[in-house]
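Enquirer: no sequence for this one, just the structure:
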């Protein structure tokens, strides 16, 4: 506790034994926006980036490395009273861990905040501390779990205009523990990867990190030619307007180091060399696919035919993906239509061929990402012999933060709706449920007004007239355009949250909980349809790369991810759709091989429907656990250390409802426990260990009075406690149980000694008998 850690403020750890009232905004006597912001600013300047609001943690992004995450700090925040140390993200992780072990209940840590507020970094720190707390004897497993985040982030994060390491997918990591709290495994769920980034990025943004890492790694290993990558002009998918991409790849050490780190992650988690080699070939295959160019052939009959004039990129891509280059060219430049049992081959125009090429690249990347996540889950699942019923989880949610760019497209809309849903969950939990219970239990508590974003969520998610439903409906009409889509929105979404700016045909605005956002609807329909022609699927299934076959033979789940593959795909069934490969239906195989109708699912899933299911799936995982909220706040837009922008922070405090949260934590009762449960949990504090008292109001009263707590209330069926009471009760309980253990130890020692003396006397008597 008294070790010194050298930061600019040498009294950091010494302060650990002095609890300061400033640590919790609930202790503020005068409560308004000014006092809250003044408090946060004062702490931020002193590099105290964490502040509590009752049991909720506010984390300001310091935009610099702080030396407060070392193992010494992990030891400080391990099962101690919260007030004995300054606020810290480790304390939140510890609170979730202790609740899980004490109450045998799943927990869920929800990290929210806008893009660049520090969510991903916070998630890393929580995983780090939970692996420390759940020390299993299995060192290898702990190592593996710590490598999961860096690996999926290399594939799922990218540099955007406002954040150099922005999550472009939603991640829910579940860590699994035994009832005694040892970590035994982990599972990761991924949602809504922004695949469109693979083929095109906005000005000033980059593609997914992994493309740069692998390029630099192969360059330094002198293997570019083996993977058919150029060393002068970068591939189209990673080229940008600055023309410095190759220069950065060659000169920046960071890329090369990251490549080595990724190889290390793959190795530690347990991927085989063959699997990693296949992943590299698919990634470099994608880069080569992007370089395939098309030209129009004009013959006297038709003008909408295209060809590949320069076969180099085509041959490279085909070689890396282990498929025939002629078959690939055919799949890109033509498509099959089956009408009344006849197969007609239609040609693609140049634009259509380019769209098919890009759709193939997106599908390759999306399915590869899903496969990596599924593989991690298989390698990190708990042993079969551990009883699944008894294990408990702590889930950690880290999703893309709220975004508002100069140009916002379909991806931003999905990201912002997801954040809208998380905000709604927060409101429900902190305000709505609590106030409903006061009414039903007949407790007189002042109501706190809060901003309810339910109507806005309904506008997005309602069927059949919500924004996403309208988008799906419009996507079904072949003649629909982005303009007809915006017209449809304007006609049907008549509410104060939606507007259409004058003079900008393809735009519409939404008043989100975090502010107004203007969306550009061009390519909305295209992105939502997310079509992948069947012809491409057929060709990719003929690949000699085992992994690639698997990517296109496994069905997609309702959330748009690759289903976890169980079966091995045999060579014969490779090009048949799943339901035919079992051989149940007699069918003309040639026709099926040409056109696997099922895999592309003509009643096709859209991005909007994947999004809707993903949100449902995510929420169903979250509501199981008891939630712990971490609110990340971005102190300025320039990513400057120690710079505190009053306006930016105030805006975030407003839309996250921090002022209201402080009020409800001051006046409200965040823990509401049924009488029976309360007595079962805490009867040791006031009754003898062998008694089994009833779960009655009187017994609850006896326990509460014995523990000398103040400010609690008894309802009709529940005990209402402040957020800090639970910790105090748990500490008392630990103390009592500690005393019981000491008593048991002494009694057992005394009994043992007595038994030993008896045996010793008996032996001596026996010896004397024999001797005599």
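Expert: Okay, I see it. Every value quoted in this text rests on a predicted model; they were computed, and no experiment measured them. Numbers count the residues shown, from 1 in each chain.
Enquirer: I'd like the domain boundaries of this structure, if you could list them.
Expert: According to the domain assignment given by the TED database, the chain is divided into the following structural domains: 21-194+625-667, 410-446+453-521, 671-771.
Enquirer: Next, format those domains as a markdown table and append mean neighbour count.
Expert: Heads up, the C-betas are built off the backbone N, CA and C, glycines and all. Converted to a markdown table, the domains of the chain look like this (neighbours: other Cβ atoms under 10 Å):
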| stretch | mean neighbour count |
| --- | --- |
| domain 21-194+625-667 | 19 |
| domain 410-446+453-521 | 17 |
| domain 671-771 | 14 |
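Enquirer: I'd like to know which of these is closest to residue 297.
Expert: Of all the domains of the chain, domain 410-446+453-521 sits nearest to residue 297, with 25.3 Å by Cβ to Cβ.
Enquirer: returning to what we had before: let me have the domains of the chain in a markdown table, extended by distance to residue 530.
Expert: What follows is the domains of the chain, written out as a markdown table (distance: least, Cβ to Cβ, whole Å):
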| stretch | distance to residue 530 |
| --- | --- |
| domain 21-194+625-667 | 12 |
| domain 410-446+453-521 | 9 |
| domain 671-771 | 44 |
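Enquirer: Nearest to residue 540, out of those?
Expert: Closest of these to residue 540 is domain 21-194+625-667, at 18.6 Å (criterion: Cβ to Cβ).
Enquirer: Rounded mean pLDDT for that closest one, please.
Expert: Averaged across domain 21-194+625-667, pLDDT comes to 91.
Enquirer: Over to stretch 444-462?
Expert: What stretch 444-462 shows for mean pLDDT is 88.
Enquirer: Need the contact partners of that stretch.
Expert: Applying Cβ atoms under 8 Å, 6 or more residues apart in numbering, the contact partners of stretch 444-462 are 417, 420-421, 423-424, 427, 431-432, 435, 438, 466-469, 493, 495, 497-498, 510-513, 612, 615, 655, 657, 660, 663-664, 667-669.
Enquirer: Quick check: residue 128 vs residue 134, distance?
Expert: With distances taken as Cβ to Cβ, to the nearest Å, residue 128 is found 11 Å from residue 134.
Enquirer: before we move on, what about residue 187?
Expert: In this structure, residue 187 and residue 134 are separated by 15 Å, where distance is defined by Cβ to Cβ.
Enquirer: now residue 494
Expert: With distances taken as Cβ to Cβ, residue 494 is found 52 Å from residue 134.
Enquirer: Likewise for residue 353?
Expert: Applying Cβ to Cβ to residue 353 and residue 134 gives a distance of 53 Å.
Enquirer: Residue 403 too?
Expert: In terms of Cβ to Cβ, residue 403 sits 34 Å off from residue 134.
Enquirer: Could you do residue 284 as well?
Expert: Between residue 284 and residue 134 the distance, using Cβ to Cβ, works out to 38 Å.
Enquirer: Quick one: closest of the domains of the chain to residue 379.
Expert: Across the domains of the chain, the minimum distance to residue 379, taken as Cβ to Cβ, is reached by domain 21-194+625-667, at 7.1 Å.
Enquirer: from the middle of its chain, how far away would the closest one be?
Expert: 13 Å (Cα atoms, centre = their mean, to the nearest Å).
Enquirer: helix or strand right after the helix or strand hosting residue 662?
Expert: When elements are defined using DSSP states H and E, residue 662 is found to belong to helix 658-667. Using DSSP H and E, the helix or strand that follows helix 658-667 towards the C-terminus is strand 671-674.
Enquirer: who does that following strand pair up with?
Expert: Sheet pairing of strand 671-674 (DSSP bridges) gives strand 718-721 (antiparallel).
Enquirer: mind checking the longest helix of the chain?
Expert: Of all the elements of type helix in the chain, the one with the most residues (DSSP state H) is helix 725-771.
Enquirer: What is that helix packed up against?
Expert: On a contact count with 3 or more Cβ pairs under 8 Å, 6 or more residues apart in numbering; DSSP states H and E, helix 725-771 meets helix 89-103, helix 675-682.
Enquirer: With respect to residue 725, which of these lies nearest?
Expert: Judging the helices and strands packed on helix 725-771 by Cβ to Cβ, what sits closest to residue 725 is helix 675-682, at 10.7 Å.
Enquirer: Pull the residues that contact the closest one.
Expert: Everything outside helix 675-682 that qualifies as a contact, by Cβ under 8 Å, 6+ apart, is 103, 673, 693-697, 699-700, 703, 707, 717-719, 729, 732-733.
Enquirer: can you rerun that using 10 Å?
Expert: Identification of contacts with helix 675-682 by Cβ atoms under 10 Å, 6 or more residues apart in numbering yields 102-103, 671-674, 686-687, 692-704, 706-707, 714-719, 721, 726, 729-730, 732-733, 736.
Enquirer: How about stretch 378-393?
Expert: Taking Cβ under 10 Å, 6+ apart as the criterion, the residues outside stretch 378-393 that touch it are 100-101, 103-108, 138, 141, 144-145, 147-148, 173-181, 183-188, 268-271, 564-565, 621, 624-625.
Enquirer: let's see 7 Å
Expert: When contacts are defined by Cβ atoms under 7 Å, 6 or more residues apart in numbering, stretch 378-393 is touched by residues 100, 104, 106, 144-145, 174-179, 184-187, 269-270, 625.
Enquirer: and these, which of them are in helices?
Expert: Secondary structure defined by DSSP H assigns 100, 144-145, 269 of these to helices.
Enquirer: can you redo these as a markdown table with distance to residue 339?
Expert: Output for the ones in helices among the contacts of stretch 378-393, formatted as a markdown table (distance: Cβ to Cβ, whole Å):
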| residue | distance to residue 339 |
| --- | --- |
| 100 | 59 |
| 144 | 52 |
| 145 | 53 |
| 269 | 48 |
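Enquirer: re the thing from before, tell me the average confidence for the longest helix of the chain?
Expert: Averaged across helix 725-771, pLDDT comes to 92.
Enquirer: Could you check the angle that helix makes with helix 675-682?
Expert: Interaxial angle of helix 725-771 relative to helix 675-682 (axes from the mean of the first three to the mean of the last three Cα atoms, to 10 degrees): 50 degrees.
Enquirer: how much distance is there from helix 725-771 to the middle of the chain?
Expert: In terms of Cα atoms, centre = their mean, the gap separating the centre of helix 725-771 from the centre of its chain is 50 Å.
Enquirer: Specify the angle between it and helix 89-103 in degrees.
Expert: Between helix 725-771 and helix 89-103, the angle comes out at 60 degrees (the same axes, to 10 degrees).
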